[in-house]
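**Q** next comes the sequence, and after it the predicted model I'd like to discuss.
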Amino acid sequence: MISGCRPQAQNLTCLTRALLATTPTSPPPSFVLEANIDVYALCRQRRFHEAFDRGLHLRSLDAARCLHSHLVSSHSNIPTTLFNRLIDLYCKCGRLPDAYRVFSEMPHKDTCSFNTLMAGYSAVGNIAEARRLFDEIPVRDHFSWSSIIACYTRHGSPFESLDLYRRMHQEMRGGFLNCSNKFTASSALAASTAILSYRHGREIHCHIVRAGFESDAVVWSALADMYSKCGSIKHARQVFDLSSDRDVVSWTAMIGRYCDAGMRKEGLKLFSRMMQMGVLPNDFTYACVLDACSELAAEGLGRQVHNHMIRVGFDPSSFAASTILHMYSKCGNIEKAKLIFERMPLPDLVSWTSLISGLAQNGHPTEALHYYELLLESGMKPDHVTFVGVLSACAHGGLIDKGLAIFHSIKEKFKLKHTSDQYSCIVDLLSRAGRFQEVEEIINEMTMKPDKFLWASLLGGCRIHKNINMAKQAAEALLEIEPENAATYVTFANIYASAGMWDEVELIRQTMDHKGVVKKPGSSWIEIRGKVHMFLVGDASHPDAKKIYALLEKLQIKMKELGYVPDMNYVLHDVDEEQKEHTLSYHSEKLAVAFGIIATPSGTIIKVFKNLRICGDCHTAFKFISRIMERMIIVRDSNRFHKFRYGICTCGDYW
DNA sequence: TTAGGGTTAG
């Protein structure tokens, strides 16, 4: 019995009993399962359409077989409609060969018979068979065209799909208005979106408006999708706002579009609006919104979403559940993430990987490896993403031998090919440890071209070990791939600066000016009582700026008493020492931490988020501040978490 | 009786 269908099955028990009671012959054979007794009874009554409805609801192969045997053994003329429904049922149960057998043995096939079988092949991605049937249909109707167009769109052939959309209009000779309907239009729109063709999309939009079938949620959703991907998110929002028939899918899609475009706050605003309108979110909505919370590190809001999910009920093994885990982990609450994981009855590989990567980023490499061992013990096979998490745990923890052993096991034990991400991890691990000779050997052994992530990892390692020669090689390779990336110039310049090579620093600065490369401004933010406060370097725009600066000055004095020496290597330009110290004191992360201290009661954990990597001087300063203020300070930078407590950081200064 | 749109981890 299909467990999900139990309530409906129970509802029908009375009906079943009544039907069987009126049937004078023997009880159903033993192979007829409980859920299918209704189907069996309805067949005996020759109420075939109702039996099909029930079978389709259950998606039951037994029901299909039961109906098949009744139809075949029936001596009267069976209408084509019933055979068509049988084909459909077999298709929906994933039994294409049975569907085909029914189709080929039918005495009279109509267009619907072809359409139904074609949809079956389309659903399993057998494009060739679907097309063969389409070509054989003597008289094609709207269903035939919409099925084949959707088939090509769905299975990655958008050009074919648009070609057929055009051909449909020629062959049906009715002009666009009579041929296109909401099904063909939405599929053709999806095809235009796939090839990012605004022109095609716009043309189809015109057909939709002229033909007047725009009041349909799917058409609107496809339109908004096309505009957001080929035109602009603003147009997409206009379409969304104008649509009269919005369902949970179109709301979710619009929220997702904002998140994809990096406009996460807009996405979250729309989510609140959706809730106000009484639209019930589904797993996709939760996944979208929780992901936005993760990126914004808005744990407060994430927790509200989680609580809502608990109230309405959700499947703890669904992908939405793994997104909750990810959200807590990305917000620096790894304990809660672990709790969510432990409560999962059957964690999937995504959840395992998410926890392992989360532990690695949150500074618990040994625990990450412990969960990796548990994953192996569970019998689940790790995939290439799991290995990225495990290798990054080794890299962050300085576990070099373990990392190397796991890296080699990917090929030898798990018989998988190394991916470029895994190469980046191993280069990260080795170059952080200063083992540049081995890095060179690995790069030479690679079967693929090293990508930007690998070179960026190497450049980062060179910064730690002041390896100027290797840094030059990495920076040149990196700039060849990404000539506009300011981070490369800045890191490279910082390496020169730390070696006191100011002429070279100046040369890099001039190159940046010449090429018009602008350094991405560092920004940090902190969530206080549900409100996000954002800071830039030297920012005085915050209402509490005076208090923030006064506190930082006081802290500066106390830190120096305890032995803090500002690290000038993190200032790009060759300005005088006093000026450099001044710039360092007001980095965005320092402003955010100071505001956190002011705005929360003593003892509260301060959680700050930065869009770039934390600066080395701020890292040192926060160790002192955590001691002076007796507070735990958590900083999530673009790379990982740093937890400062009692004057030390969980990263062990290994970052 | 048959057809269309949204998806999680580094």
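**A** Yep, it's here.
**Q** going forward, measure contacts and count neighbours with C-alpha atoms only.
**A** OK.
**Q** touching DNA strand B at all, the helix or strand where residue A:257 lies?
**A** Using DSSP states H and E, residue A:257 sits within helix A:248-260. Yes - with CA under 7 Å from any atom of the strand as the threshold, helix A:248-260 lies in contact with DNA strand B, specifically through A:248, A:249, A:250, A:252, A:253, A:256.
**Q** so which elements touch that helix?
**A** In terms of contact count using 3 or more CA pairs under 8 Å, 6 or more residues apart in numbering; DSSP states H and E, helix A:248-260 is assigned the packing partners helix A:217-230, helix A:233-242, helix A:264-276, helix A:283-296.
**Q** hang on, the earlier thing: now render the residues of helix A:248-260 next to DNA strand B as TSV, adding pLDDT.
**A** As requested, the residues of helix A:248-260 next to DNA strand B are arranged in TSV below (pLDDT from 0 to 100):
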residue	pLDDT
A:248	89
A:249	88
A:250	88
A:252	92
A:253	90
A:256	91
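**Q** in the longest helix belonging to chain A, which residues are buried?
**A** The helix spanning the most residues in chain A, taking DSSP state H as the definition, is helix A:545-561. Judged by neighbour count using 16 or more other CA atoms under 10 Å, the buried positions of helix A:545-561 are A:545, A:548, A:549, A:551, A:552, A:555, A:556, A:559.
**Q** and the helices in the stretch 451-600 of chain A?
**A** Listed in chain order, the helices of the stretch 451-600 of chain A (DSSP state H, counting those that start in this stretch) span residues A:452-465, A:468-481, A:486-498, A:502-515, A:545-561, A:577-585, A:588-599.
**Q** comparing those by mean pLDDT, which bottoms out?
**A** Ranked by mean pLDDT, the helices of the stretch 451-600 of chain A end with helix A:577-585 in last place, scoring a mean of 66.
**Q** name the residues that touch the helix holding residue A:257?
**A** Surrounding helix A:248-260, the residues in contact under the criterion CA atoms under 8 Å, 6 or more residues apart in numbering are A:217-218, A:220-221, A:224-225, A:228, A:233, A:236-237, A:240, A:264, A:266-268, A:270-271, A:274, A:279-282, A:284-285, A:288-289, A:292.
**Q** just the buried residues of those residues.
**A** Neighbour counting by 16+ other CA under 10 Å classes A:217-218, A:220-221, A:224-225, A:228, A:233, A:236-237, A:240, A:264, A:267-268, A:270-271, A:274, A:281, A:284-285, A:288-289, A:292 among the contacts of helix A:248-260 as buried.
**Q** could you chop chain A up by domain?
**A** A:432-515, A:523-649 (automatic domain parsing).
**Q** do me a favour and get the end-to-end distance for the longest one?
**A** Think domain A:523-649. Start-to-end span of domain A:523-649 (CA to CA, to the nearest Å) is 21 Å.
**Q** that one near DNA strand B anywhere?
**A** No - applying CA under 7 Å from any atom of the strand, one finds that domain A:523-649 is not in contact with DNA strand B, the shortest distance being 8.2 Å.
**Q** off-centre distance for that domain?
**A** For domain A:523-649, the separation from the chain centroid amounts to 31 Å (computed by CA atoms, centre = their mean, to the nearest Å).
**Q** low pLDDT regions in the stretch 151-300 of chain A?
**A** When residues are selected by pLDDT under 70, those of the stretch 151-300 of chain A lie in A:173-178.
**Q** which bits of it sit near DNA strand B?
**A** Residues of the stretch 151-300 of chain A lying close to DNA strand B (CA under 7 Å from any atom of the strand) are A:154, A:181-184, A:186-187, A:190, A:216-219, A:221-222, A:246-250, A:252-253, A:256, A:282-285, A:287-288, A:291.
**Q** what about residue A:501, neighbour count?
**A** Burial measure for residue A:501: 14 neighbouring residues, criterion other CA atoms under 10 Å.
**Q** against residue A:305, how distant is it?
**A** Using CA to CA, one gets 51 Å for the distance from residue A:501 to residue A:305.
**Q** over to residue A:459?
**A** With distances defined as CA to CA, the gap from residue A:459 to residue A:305 amounts to 40 Å.
**Q** the more surrounded of those two?
**A** For residue A:459 against residue A:305, the residue with the higher neighbour count under other CA under 10 Å is residue A:459, and the figures read 29 against 17.
**Q** count the residues that sit near the residue nearest to that one when sequence neighbours are not counted.
**A** Once its chain neighbours are removed from consideration, residue A:459 has its nearest residue in residue A:471; the separation is 5.3 Å (CA to CA, 6 or more residues apart in numbering). Summarising burial for residue A:471: neighbours were counted as other CA under 10 Å, giving 24.
**Q** residue A:471 reaches residue A:462, doesn't it?
**A** Yes - look at residue A:471 against residue A:462 with CA atoms under 8 Å: they come within range, at 5.5 Å.
**Q** anything in contact with each of the two?
**A** Shared contacts of residue A:471 and residue A:462, defined by CA under 8 Å, 6+ apart, are found at residue A:495.
**Q** how far away is residue A:167 from DNA strand B?
**A** Computed as CA to the nearest atom of the strand, to the nearest Å, the residue A:167 to DNA strand B distance reads 16 Å.
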